[in-house]
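Participant: next input, structure requested:
(one chain, ligands or ions: 1)
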Amino acid sequence: MSFEPVTMYKYRCDGITTRGQCTEVLRYPDEDGEGEFYDALTSTPEISEGTKGSAEWLGWLVFGERLLCPKHVAGAEYLAEAGLVGLPFPDFQTGAHDG
Ligand SMILES: [Zn+2]
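Facilitator: Model prediction:
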């Protein structure tokens, strides 16, 4: 018997949380579409076009070789909306939202 070392790569969200690096890992469907998910690769750490398509289908944001998980995408959308229309805090008397 002999052994061969194998390097594995995981695609992880590039977002930052109050506790440091986001730990969300990209899990993408296999090529056969059987519904099985993989979260690590043994080939190169570059993101293939197929993986990018799967990531976007799963709600991840892909820009270059960087990834943001769906939670970070939702947070960015919320911040963008708040920047445009103000924070949607309900009025403390009527409960109505501004804008
Ligand atoms: Zn994230």
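
Participant: and this structure, which residues reach the ion?
Facilitator: 13, 15, 22, 24, 69, 72 (CB under 5 Å from the ion). No exception for glycine: its C-beta is placed from N, CA and C like everyone else's.

Participant: how about those in TSV, adding pLDDT and neighbour count?
Facilitator: As requested, those are arranged in TSV below (pLDDT from 0 to 100; neighbours: other CB atoms under 10 Å):
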residue	pLDDT	neighbour count
13	96	22
15	94	19
22	96	17
24	95	19
69	96	22
72	96	19
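
Participant: spatially nearest residue to residue 75 (excluding sequence neighbours)?
Facilitator: Residue nearest to residue 75 in three dimensions, not counting chain neighbours: residue 15, with 7.8 Å by CB to CB, 6 or more residues apart in numbering.

Participant: my guess is that neighbour contacts residue 72. True?
Facilitator: Yes - Residue 15 is within contact range of residue 72, at 3.7 Å (criterion: CB atoms under 8 Å).

Participant: next, show the common contact partners of those two.
Facilitator: Each of 22, 24 lies in contact with both residue 15 and residue 72 under the rule CB atoms under 8 Å, 6 or more residues apart in numbering.

Participant: output the contacting helices and strands for the top helix by length along the chain.
Facilitator: Using DSSP state H to define each element, the chain has its longest helix at helix 70-85. Counting contacts by 3 or more CB pairs under 8 Å, 6 or more residues apart in numbering; DSSP states H and E, helix 70-85 packs against strand 61-63.

Participant: let me see the ranges of the strands in the chain.
Facilitator: With DSSP state E as the criterion, the chain has strands at 16-17, 20-21, 28-29, 37-38, 61-63, 66-68.

Participant: where's residue 77 relative to residue 38, distance?
Facilitator: Distance, residue 77 to residue 38, using CB to CB, to the nearest Å: 27 Å.

Participant: contacts only, for the residue nearest to the spatial centre of the chain.
Facilitator: Taking CA atoms, centre = their mean, the centroid of the chain lies closest to residue 69, which sits 1.5 Å from it. Residue 69 makes contact with 13, 15, 22, 24, 26, 60, according to CB under 8 Å, 6+ apart.
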